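K.L.:
Please work out how this folds:
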Amino acid sequence: MFRSLRSRLFFTYLLVTGFVLVIIGISLIFFILRFSHQIEFGRLNFWLSNFTGMEGRALLTLPEERVQVNLERIDNTTGARSIVLGAEGEILGDSRPDEKPLPPNVIREVVASGPNVRGSFRYTPSDQWLYVSSPLAARHTLILTTPKPTLSSMPLWGRDLLRPVIEAGVVSLLLSAILAWGIAYWVASPLGHMAKAAEGVSTGEYDQRLPLGGPDEVRSLAATFNEMVRRVQASHQAQRDFVANVSHELKTPLTSIQGFAQAILDGTAQKAEEQQRAAQVIYEESNRLRRLVEDLLDLARIDAGQVSFERRPLDLAALLEGIVERLVVGAVEEGVRIENRLPELPTLIGDGDRMAQVFTNLIDNAVKHTNKGASVILQGEIEGGWVSIHVDDSGPGIPPDELSRIFERFYRLDKARTGGRERGVGLGLAISREIVQAHGGRLVAQSVLDRGSRFTVQLPIVRPDDTTMVRKTT
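P.N.:
Next up, the predicted model:
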């Protein structure tokens, strides 16, 4: 019964409401009793002031039997027991002589404290009295005392007060129950939807989305859940795409290798030139497979944080100059020039081999996408604690809708825009970005259609004696 959050919230709110009503009821009872005591003291003081004037002084001149008669008359008029004390505290008259005598401590209090004393006393816990006193002539004192009011002794309590209080409490409790149920539903209903959505996600239904309703905390939780599901869905889709892309990339070279190997085995390629051509294709496709596997292993190690980036002084200018020297021969064969316009660069801290991998990939891509007779230009600048290296090509450019996706794994531009040249498997830029980010830097791309593209590597300037470590970001 109390296992669901909704029922627990409902009964909690109801219990709190009932507790508050009980506290209010108890406070009301104490207030009524205190108020009735004040009223009773006021009534006794009113009658006391009427009997302590001329009538009170005349009372002392009467014979003893007449004093008793007058005290009984006062008792009948006020409903209060009337007692006259002498100067030493002796009882000179009592309207109710047959009842329990006035406690000695009350007599001592009245005699010691002087005029106008009021207080309470009790014979037993259930037999409590209020009293007031006022002086008469010749150091005598008149005391009026009456039973202390209780709820049961108040004639209006049951008929005019108790029943309305109970009715109001019952109505309040019912209204509170309705309100508590509404609040419990408001809070628990979104969580119930969330539980069903989570169950759906666990079975592979990634289209689950939660409405943003309920309290702020629940809305925040729903928004976080929606974002989590979106990322899980994207990750799941990425895994499916990864498997499909890897399968596709493996299928093409394997098919070529199998076909040309079969041609050699069954004698289709009989001439030396044909066999040489088949062996060349097998060799090239094997290299392609090797590069694919190496790239996949690099990405896997980077994702797992298992790549060790060395921290050592890095002469960026010398690094780039060496890369240009290695690639310039191939660029000349493509009819492309590589222009090194780099300024003097500071020494950084990083992994030289990994950064060489990044710039080799960027410059090689620029050569492949640059028109014959044009140039690939390397430029650099230092600003605000950062070194920026720009690799500019004058190729066909990248469409805006594809520019945001070029760093995705296995993503490749439309072959029509590459002029039919050899293309990679779409992992080079993804790996390069991971390496740059691991060095605390950024890799960004800009492009204008039919004018060319610019890839910029931004690295923080770190002196060799700094303690900044090359790291893998997650």
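
K.L.:
nearest residue to residue 358 other than its sequence neighbours?
P.N.:
Leaving aside its sequence neighbours, residue 358 sits nearest to residue 432 (CB to CB, 6 or more residues apart in numbering; 4.4 Å). All C-beta spots, glycine's among them, are computed from the backbone N, C-alpha and C.

K.L.:
what about that neighbour, which helix or strand?
P.N.:
Applying DSSP states H and E as the criterion places residue 432 in helix 428-438.

K.L.:
now what about that helix, what contacts it?
P.N.:
With CB atoms under 8 Å, 6 or more residues apart in numbering as the test, helix 428-438 has contacts from 295, 298-299, 302, 307, 309, 351, 354-355, 357-358, 361-362, 365, 406-409, 442-443, 457-459, 470-473.

K.L.:
Mark which of those residues are part of helices, please.
P.N.:
Counting by DSSP state H, the part of the contacts of helix 428-438 found in helices is 295, 298, 299, 302, 354, 355, 357, 358, 361, 362, 365.

K.L.:
from the residues you listed, which two are the most distant?
P.N.:
302 and 365 (19.4 Å; CB to CB).

K.L.:
Give me the more crowded residue out of the two.
P.N.:
Set residue 302 next to residue 365 and count neighbours by other CB atoms under 10 Å: residue 365 wins out with 23 against 20.

K.L.:
mind checking how far residue 258 is from residue 291?
P.N.:
Look at residue 258 and residue 291: by CB to CB, to the nearest Å, they are 19 Å apart.

K.L.:
which stretches of the protein have low pLDDT?
P.N.:
Scanning the chain with the threshold set as pLDDT under 70 gives 1-6, 52-65, 114-115, 137-138, 151-162, 214, 306, 413-425, 462-474.

K.L.:
Show me it divided up by domain.
P.N.:
Following automatic domain parsing, one gets these domains for the chain: 5-156, 216-303, 312-460.

K.L.:
just how off-centre is the shortest one within its chain?
P.N.:
Here domain 216-303 is found 41 Å from its chain centre; the criterion is CA atoms, centre = their mean, to the nearest Å.

K.L.:
Residue numbering should commence at 33 henceforth.
P.N.:
Okay, using 33 as the starting number, the last item reads as domain 248-335.

K.L.:
Could you report the neighbour count for residue 63?
P.N.:
Taking other CB under 10 Å as the neighbour definition, residue 63 ends up with a count of 10.

K.L.:
give me phi/psi at it?
P.N.:
Main-chain dihedrals, residue 63, degrees, to the nearest 10: phi -60, psi -40.

K.L.:
Pull up the gap between it and residue 161, please.
P.N.:
From residue 63 over to residue 161 the distance is 21 Å, taken as CB to CB.

K.L.:
cool, residue 384 as well?
P.N.:
Using CB to CB, residue 384 is found at 102 Å from residue 161.

K.L.:
Find the nearest non-adjacent residue to residue 411, please.
P.N.:
Using CB to CB, 6+ apart, the nearest residue to residue 411 is residue 422, at 4.4 Å.

K.L.:
ok, now which ones touch that neighbour?
P.N.:
Contacts of residue 422 (CB under 8 Å, 6+ apart): 409, 410, 411, 412, 413, 486, 487, 488.

K.L.:
In the host helix or strand of the first one, which of the residues would be classed as buried?
P.N.:
Here residue 409, judged by DSSP H and E, is contained in strand 407-415. Using 16 or more other CB atoms under 10 Å as the test for burial, strand 407-415 gives 407, 408, 409, 410, 411, 412.

K.L.:
Tell me the one among these nearest to residue 145.
P.N.:
residue 412 (101.5 Å).

K.L.:
Enumerate the beta-bridge partners assigned to that closest one.
P.N.:
In this entry, residue 412 is beta-bridged to residue 421, by DSSP bridges.

K.L.:
What residues does it make contact with?
P.N.:
Residues near residue 412 by CB under 8 Å, 6+ apart: 373, 374, 375, 377, 419, 420, 421, 422.

K.L.:
Go again with 10 Å.
P.N.:
Residue 412 makes contact with 348-349, 352, 372-377, 419-422, 488-489, according to CB atoms under 10 Å, 6 or more residues apart in numbering.

K.L.:
Could I get the contacting residues of the nearest residue to residue 382 once chain neighbours are set aside?
P.N.:
Of all residues not flanking residue 382 in the chain, residue 346 sits nearest, at 4.5 Å (CB to CB, 6+ apart). Counting by CB under 10 Å, 6+ apart, residue 346 touches 377-384, 386-388, 471, 491, 494, 496, 502.

K.L.:
Between these, which sits nearest residue 282?
P.N.:
Among those, residue 386 lies closest to residue 282 (CB to CB), at 25.7 Å.

K.L.:
Please name the nearest non-neighbouring residue to that closest one.
P.N.:
In this structure, residue 386 finds its nearest non-sequential neighbour in residue 467, 4.9 Å apart by CB to CB, 6+ apart.

K.L.:
burial count for the one you found?
P.N.:
By other CB under 10 Å, 25 other residues sit near residue 467.

K.L.:
Repeat that for the one 4 residues further on.
P.N.:
Other residues within reach of residue 471, judged by other CB under 10 Å, total 27.

K.L.:
repeat for residue 139
P.N.:
Residue 139: 20 surrounding residues under other CB under 10 Å.

K.L.:
Same check on residue 100?
P.N.:
Look at residue 100: counted by other CB under 10 Å, it has 18 neighbours.

K.L.:
from what I can see it touches residue 115, true?
P.N.:
No - when contacts are counted by CB atoms under 10 Å, residue 100 is not listed as touching residue 115 (11.1 Å).

K.L.:
any common contacting residues for those two?
P.N.:
In terms of CB under 10 Å, 6+ apart, residue 100 and residue 115 are both contacted by the residues 124, 125, 126, 127, 129.

K.L.:
If we ignore the residues flanking it in sequence, what's nearest the last one?
P.N.:
Read that as residue 129. Closest to residue 129 by CB to CB, 6+ apart is residue 100, at 7.9 Å.

K.L.:
After the helix or strand containing the one you found, which helix or strand is next? Please name it.
P.N.:
Assigned by DSSP H and E, residue 100 belongs to helix 96-110. As assigned by DSSP H and E, the chain's next helix or strand after helix 96-110 is strand 113-117.

K.L.:
The next helix or strand after that following strand pairs with which strands, and in what direction?
P.N.:
Counting by DSSP H and E, the next helix or strand C-terminal to strand 113-117 is strand 123-126. Partner strands for strand 123-126, per DSSP bridges, with pairing direction: strand 113-117 (antiparallel).
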